[in-house]
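1. make a model of this:
(2 chains)
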Amino acid sequence: MKKFITLALIFSAFLAQAQAPTLKAGQPAPDFKLKNVDNKEVSFASYPDAKGFIVVFTCNTCPYAKAYEQRIIDLDKKFKPQGYPVIAINPNDPEASKADTFDKMQDLAKEKKYAFPYLFDKGQIVTDQYGAKHTPHLFVVSKTAKGTVVEYTGAIDNDPEGTKDEKTKYVEDVIASLKNNQKPAITETKEIGCTVKRKAKA
Amino acid sequence: MKEIKAFTIIVFLLLAFSLKSYSQQVKLINIDQLQERMKAGKDSTYVVNFWATWCAPCIKELPHFEKLGAEYKAEKLAVLLVSVDFKSKLTSAVVPFVKRKNLKNQVFLLNESNPQEYIDRIDPSWSGSIPATLFIKGDKRKFIESELTYEQLLTEYKKL
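-> Numbers count the residues shown, from 1 in each chain, chains lettered A, B, ... in the order given. Predicted coordinates:
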């Protein structure tokens, strides 16, 4: 029996380690119901008038997330009125990353005056459904007749350090295409980032 | 005579001090130069670790790479530590970190600005999260995008 339990533990540790694949453009974007920093639950259904969403997995701690923070705020400011609000989700386990607890998320949202939800993903379920790998990791989602669909996954722009005069603003380009009823030219990009923090394996 | 003696002592002290505080230079390197470094280098196996001073799991595993590099130097193994810190952090963060940790493996700062291009050139399977490690021996290569224990690192090295 003991042996069986050990085996089961090893197996589940293996499963937990096996990384979920990242959603690609064209795949359904699963809805979720997660607790926001104001203690209310948020889902796609909370936005009946939205045309789509900018879902960004980001956190309190990662220097890349910090470098992109203002740009995330700006995306919401620009695109919420156009029907594409930002929904931020913290993918980190609060035990594995002590500065990413719900309390600390509330502090950050208040300090930076987030005008968009900043959601706590208990158990990292939504993180795994989307296959978010690092912070920040962004998904542009559109509402279609067939439900919510991923249109783009990856980076906000090609200038994490914020030093280039001419940036390629991937997310802005994607939303511009969607508004013209066109498919975005670039649907996947890559970016350096902090790995999603998980509890140490048993 | 006394003066000469005093002078000699000062010279010795200065020398000893400068030796003690010696730490390696951190050079900028782009992907072409990194590939060239591996092609033209005298070593036969390369373990290239991508890390950053802000990445906690990377810092945790760095001692494993130091240990591997030291223990298997005779087997023509070169461990290259390639930082993906922002270029503006070279003198303010990377150099002091290398000095503080007294890193013996060769350290570089990646001199590339377009992640779309360079991430795929290192390995198409790389999502971009760090730590990540590339193992190369002749035609054999393996890329691992996760933190490694010393045992895992050693196993991958031995498997090459």
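
2. tell me where the model's unsure across chain A.
-> For chain A, the stretches with pLDDT under 70 are A:1-19, A:201-202.

3. in it, which residue sits nearest chain B?
-> Closest contact between chain A and chain B, by Cβ to the nearest Cβ, is at residue A:134 (3.8 Å). (Each C-beta comes from the backbone N, C-alpha and C, glycine too.)

4. what sits against that residue?
-> A:62, A:64, A:191-196, B:127-129 (Cβ atoms under 8 Å, 6 or more residues apart in numbering or on different chains).

5. please redo it, this time with the cut-off set to 6 Å
-> Residue A:134 makes contact with A:193-195, B:129 under the criterion Cβ atoms under 6 Å, 6 or more residues apart in numbering or on different chains.

6. what do you get for residue A:58?
-> A:65, A:88, A:135-136.

7. out of the contacts of residue A:134, who's the most crowded?
-> Top of the contacts of residue A:134 by neighbour number is residue A:193, holding 29 neighbours under the definition other Cβ atoms under 10 Å in any protein chain shown.

8. closest to residue A:50 among the contacts of residue A:134?
-> residue A:193 (26.1 Å; Cβ to Cβ).

9. what is the closest one paired to in the beta sheet?
-> Residue A:193 has the following beta-bridge partners by DSSP bridges: residue B:129.

10. so it touches residue A:135, yeah?
-> Yes. Between residue A:193 and residue A:135 there is a contact at 5.5 Å, judged by Cβ atoms under 6 Å.

11. flag every residue of chain A that's near chain B.
-> Contact residues (Cβ under 6 Å from any Cβ of the partner chain) of chain A with chain B: A:63, A:133-134, A:158, A:161, A:189-193, A:195.

12. related to what we said a few turns ago, export the contacts of residue A:134 to CSV and append columns for distance to residue B:56.
-> Formatted as CSV, the contacts of residue A:134 follow (distance: Cβ to Cβ, whole Å):
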residue, distance to residue B:56
A:193, 13
A:194, 8
A:195, 9
B:129, 13
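
13. what strands flank the secondary structure element (helix or strand) that residue B:133 belongs to, and is each parallel or antiparallel?
-> Residue B:133 belongs to strand B:132-137 when elements are defined using DSSP states H and E. Paired strands of strand B:132-137, with direction, are strand B:45-51 (antiparallel), strand B:140-144 (antiparallel) (DSSP bridges).

14. dump those to CSV, plus mean pLDDT.
-> Listed next are the strands paired with strand B:132-137 as CSV, based on pLDDT from 0 to 100:
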stretch, mean pLDDT
strand B:45-51, 97
strand B:140-144, 95
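
15. just send the ones you listed back as TSV, with mean neighbour count too.
-> What follows is those, written out as TSV (neighbours: other Cβ atoms under 10 Å in any protein chain shown):
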stretch	mean neighbour count
strand B:45-51	23
strand B:140-144	14
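
16. measure how buried residue B:66 is and give me the count.
-> Counted with other Cβ under 10 Å, residue B:66 comes out at 17.

17. please read the previous query as pertaining to residue B:153.
-> Residues lying near residue B:153 (other Cβ under 10 Å) number 21.

18. next one: the spatially most central residue of chain A from residue B:146, what distance?
-> For chain A, residue A:57 is the residue whose C-alpha lies nearest the centre (Cα atoms, centre = their mean; 2.3 Å). Taking Cβ to Cβ, to the nearest Å as the measure, residue A:57 falls 18 Å from residue B:146.
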